[in-house]
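>>> kindly return the folded structure for what I paste below:
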Amino acid sequence: METKYMGKYDIVVIGAGHAGCEAALAAARMGKKVLIFSINLEAVANMFCNPAIGGTGKGHLVREIDALGGYMGQCIDKTFIQSRMLNSSKGPAVQSLRAQADKRKYHEEMKRYLEKMPNLYLKQAEVIDIDFDDSGKVKGVLTKTGSYYECGAAIIATGTFLRGKIFIGDSNFSSGPNGLAPSLELADNLKAKGMKLRRFKTGTPCRALSSSIDYSKMEKQEADEHVVPFSFLNENLDKEQVPCYLTYTNKTTHEILRENFSRSALFGGDIEGVGPRYCPSIESKVERFADKERHQCFVEPEGLTTEEMYLQGMSSSMPEDVQEAFYRSMPGLENIEIVRPAYAIEYDCINPLDIKLNLEHRQFSGLFCAGQFNGSSGYEEAACQGLMAGANASLWLDGKEPFILDRSEAYIGVLIDDLVTKGTNEPYRIMTSRAEYRLVLRQDNADERLSERAMAIGLIPAERYEKFLAIKEAKEKEIERLRQTKYKGVSLAELLKRPENTYASLENIDSDRPQLSQLVKTKVEVEIKYEGYIAKQLLQIEKFKKLEKKALPGDIDYMAIDGLRLEAREKLNDLRPTSVGQASRISGVSPADINVLLVYLEKLRRSI
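Model (predicted):
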């Protein structure tokens with residue numbers, strides 16, 4: 001086949017899912033000429049699994065993506081059909097926003113935004129190879145039709161398409177998600193160049209016809225009356241919303257599943273990939289939690305222009321006849337008509353220990369990796385990695401320092417550090433419990449944590465930064481006013497610290513309060529109420545930063561350091577941590593090894 005030269009770009013992004021979209025947008029905002037490929041333009045930002053954005057821990061990521069100039073938060077704010085704040089009865093550290101999306105509108109809005117972005121070019125084509133020079137540096141990419149695109153850097157964001165294989169009972173076939181074409185040749189060519197790939201697996205429930213469901217037998221899940229936006233650019237998003245519903249499995253459901261375990265692709269041995277622990281199939285739940293009498297099934301609309309309903313919590317690799325039987329055993333689903341069966345999908349990905357903190361592959365210069373290709377799961381986890389890969393590819397091309405967020409700055413920092421430093425043996429999902437400093441890493445203050453960093457490297461425009469400064473100033477002024485204003489000899493700030501009081505409940509004794517946005521009110525209340533706890537956590541972060549600031553030279557020969565155990569030497573030599581702090585989180589590196597490293601660094605300092 002004749003190769004056709006099709007021009008030169010700064011960065012090529014392979015894949016236009018949630019990771020690819022944010023990668024391309026970030027690089028384009030930073031002034032790079034970006035080309036993004038999708039096997040099918042219908043796959044752009046498609047929600048192949050759950051039609052929702054946010055959730056526990058994930059909502060934090062979306063707020064951080066937004067603070068860094070990403071589009072996910074704005075996109076869901078424009079296309080949601082139900083919004084709820086999860087864990088609203090708990091403390092602010094674990095409250096997480098979640099919004100049900102109109103998946104078709106979400107895809108259309110993100111695609112339109114890509115199409116209108118300056119410096120960004122969107123094309124439908126399958127990339128089958130990446131071209132490297134003799135030193136292993138990216139030179140360009142080749143598509144299935146023989147078109148060659150020269151580039152300075154490339155970002156792989158292939159999602160579940162890379163050698164994708166779908167399983168439904170004893171039926172299995174090569175496919176991307178939702179019946180789209182898989183990417184086969186790229187995986188083979190990457191392997192031929194020496195890249196190590198492995199198999200992970202995920203799954204999705206069936207889609208059912210709404211008119212076949214009896215909602216009267218289910219628990220109705222209403223939306224929040226007042227919508228909290230994902231994007232810091234938005235304030236009032238109140239609109240008519242749709243309900244979701246909740247039903248449960250039962251003894252009969254479990255019996256049907258147990259009787260057919262041998263027919264599950266998962267239990268039959270056909271699937272070699274490792275699945276996500278925190279989003280298991282329904283057959284896995286029944287097997288693993290044999291003592292549980294029932295499991296939840298959330299029935300959620302896929303959009304306003306379709307009758308398809310998504311059965312969250314019920315992914316499966318069972319054959320279609322078994323699927324129909326166990327779904328119909330549940331209240332409200334007795335006459336269910338399945339329009340898309342549940343399936344498991346297996347795909348190629350890398351071991352994230354093979355990438356650096358800036359998401360560049362250790363083996364290939366200028367090749368950055370993001371999303372499920374890095375071993376993570378979830379739209380939000382993918383999107384934040386995409387944004388960071390796009391930013392770092394741009395900085396790398398300019399010869400500038402990488403953009404790294406540490407564990408005390410952002411959930412994004414926690415996620416990337418976990419992947420790159422600890423690795424993962426299953427699809428990785430973010431959770432609030434993974435963040436040591438979660439009281440400081442709240443949803444409400446993501447703009448304060450990250451706007452300065454985003455502005456410094458060109459991820460957000462000046463007007464966006466000015467809006468952030470105005471919000472911050474309004475918050476600080478109001479906190480100071482509450483500290484100075486007295487009621488019966490006690491400041492309003494002290495009254496607000498009492499558990500029974502809220503900012504809203506003090507309004508009747510606070511006649512001079514200014515008009516403030518709900519975001520500013522939330523910030524004020526959280527910072528005053530949790531002031532003591534936040535101060536303690538900031539002290540912990542200070543100690544953490546000391547180890548993070550102790551840089552490890554890139555040319556250290558760990559094998560030559562006396563006192564380090566053999567396992568530690570091998571792990572440190574392979575992973576090349578950038579700081580003592582990162583080294584301390586590597587599996588197999590003990591506190592005693594860290595002390596040896598500290599002594600070694602001190603000797604180095606004295607010898608200079």
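>>> can you give me the helices in the stretch 1-150 of the chain?
Under the criterion DSSP state H, counting those that start in this stretch, helices of the stretch 1-150 of the chain are mapped to 18-29, 58-67, 72-79, 103-116.
>>> residue 307 contacts residue 337, correct?
No. In this structure residue 307 lies outside contact range of residue 337 using CB atoms under 8 Å: 9.6 Å. C-betas here are computed from N, CA, C, even on glycine.
>>> intersection of neighbour lists for these two?
Counting by CB atoms under 8 Å, 6 or more residues apart in numbering, the contacts common to residue 307 and residue 337 are 209, 211.
>>> give the closest residue to residue 322 in space, chain neighbours not counted.
residue 260 (4.6 Å; CB to CB, 6 or more residues apart in numbering).
>>> how many residues are close by that neighbour?
Neighbour count for residue 260, taken as other CB atoms under 10 Å: 19.
>>> quick one: residues contacting it.
318-319, 322.
>>> most surrounded residue in the residues you listed?
Ranking these using other CB under 10 Å puts residue 318 first, with 30 neighbours.
>>> now name the helix or strand holding that residue.
Counting by DSSP states H and E, residue 318 is held by no secondary-structure element, helix or strand.
>>> just checking, it touches residue 342?
Yes. Residue 318 lies in contact with residue 342 (CB under 8 Å); the separation is 7.2 Å.
>>> find residues that contact each of these two.
Taking CB under 8 Å, 6+ apart as the criterion, residue 318 and residue 342 both touch residue 168.
>>> I'd like to know which of the contacts of residue 260 is nearest to residue 135.
If you rank the contacts of residue 260 by distance to residue 135 using CB to CB, residue 318 comes first, at 49.3 Å.
>>> tell me the SS of the residue nearest to the spatial centre of the chain?
Closest to where the C-alpha atoms of the chain average out (CA atoms, centre = their mean) is residue 381, at 1.2 Å. Using DSSP: H, G, I helix; E, B strand; the rest coil, the structure places residue 381 in helix.
>>> can you pull the contacts of it?
58, 61, 371, 415, 428-430 are the contacts of residue 381 under CB under 8 Å, 6+ apart.
>>> can you lay out those residues as a markdown table showing distance to residue 45?
Compiled in a markdown table, the contacts of residue 381 are given as follows (distance: CB to CB, whole Å):
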| residue | distance to residue 45 |
| --- | --- |
| 58 | 16 |
| 61 | 16 |
| 371 | 12 |
| 415 | 20 |
| 428 | 21 |
| 429 | 20 |
| 430 | 19 |
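>>> which of those sit farthest apart?
Checking the contacts of residue 381 with CB to CB, the most distant pair is 58 and 371, at 13.8 Å.
>>> with neighbour numbers in mind, choose between those two.
residue 371 (31 against 26).
>>> and the pLDDT at the more buried one?
Looking at residue 371, its pLDDT is 97.
>>> cool, and residue 605?
According to the prediction, residue 605 has pLDDT 84.
>>> the residue nearest to the centre of the chain and residue 291, how far apart?
Noted for residue 381: a distance of 31 Å to residue 291, by CB to CB, to the nearest Å.
>>> quick one: residues contacting residue 390.
Each residue near residue 390 by CB under 8 Å, 6+ apart is listed here: 11, 13, 22-27, 30, 34, 155, 368.
>>> 7 Å instead?
22-27, 155 (CB atoms under 7 Å, 6 or more residues apart in numbering).
>>> ok, now residue 514?
residue 478.
>>> measure it to residue 507 for me?
12 Å.
>>> same check on residue 412?
The value you get for residue 412 to residue 507, if CB to CB is used, is 36 Å.
>>> between the two, tell me which one has more neighbours.
Legend: neighbour count by other CB under 10 Å for residue 412 and residue 507, higher for residue 412 (28 against 10).
>>> not counting sequence-adjacent ones, nearest residue to that one?
residue 384 (4.6 Å).
>>> tell me the contacts of the one you found?
Residues near residue 384 by CB under 7 Å, 6+ apart: 61, 64-65, 412, 415.
>>> of these - the most surrounded one?
residue 61 (33 neighbours).
>>> settle this for me: that residue is touching residue 380, isn't it.
Yes. Assessed by CB atoms under 7 Å, residue 61 is found in contact with residue 380 at 4.2 Å.
>>> neighbours around residue 87, how many?
14.
>>> tell me the pLDDT at it?
Model confidence at residue 87 (pLDDT) stands at 92.
>>> residue 102 now?
Predicted confidence (pLDDT) for residue 102: 98.
>>> so what's the residue count around the spatially closest residue to it that is not a sequence neighbour?
Leaving aside its sequence neighbours, residue 102 sits nearest to residue 303 (CB to CB, 6+ apart; 3.9 Å). Using other CB under 10 Å, the number of residues around residue 303 comes to 21.
>>> and what of residue 344?
When neighbours are counted by other CB under 10 Å, residue 344 registers 25.
>>> over to residue 141?
For residue 141, the neighbour count with other CB under 10 Å is 25.
>>> and stretch 518-531, how far out from the chain's middle?
In terms of CA atoms, centre = their mean, to the nearest Å, the gap separating the centre of stretch 518-531 from the centre of its chain is 26 Å.
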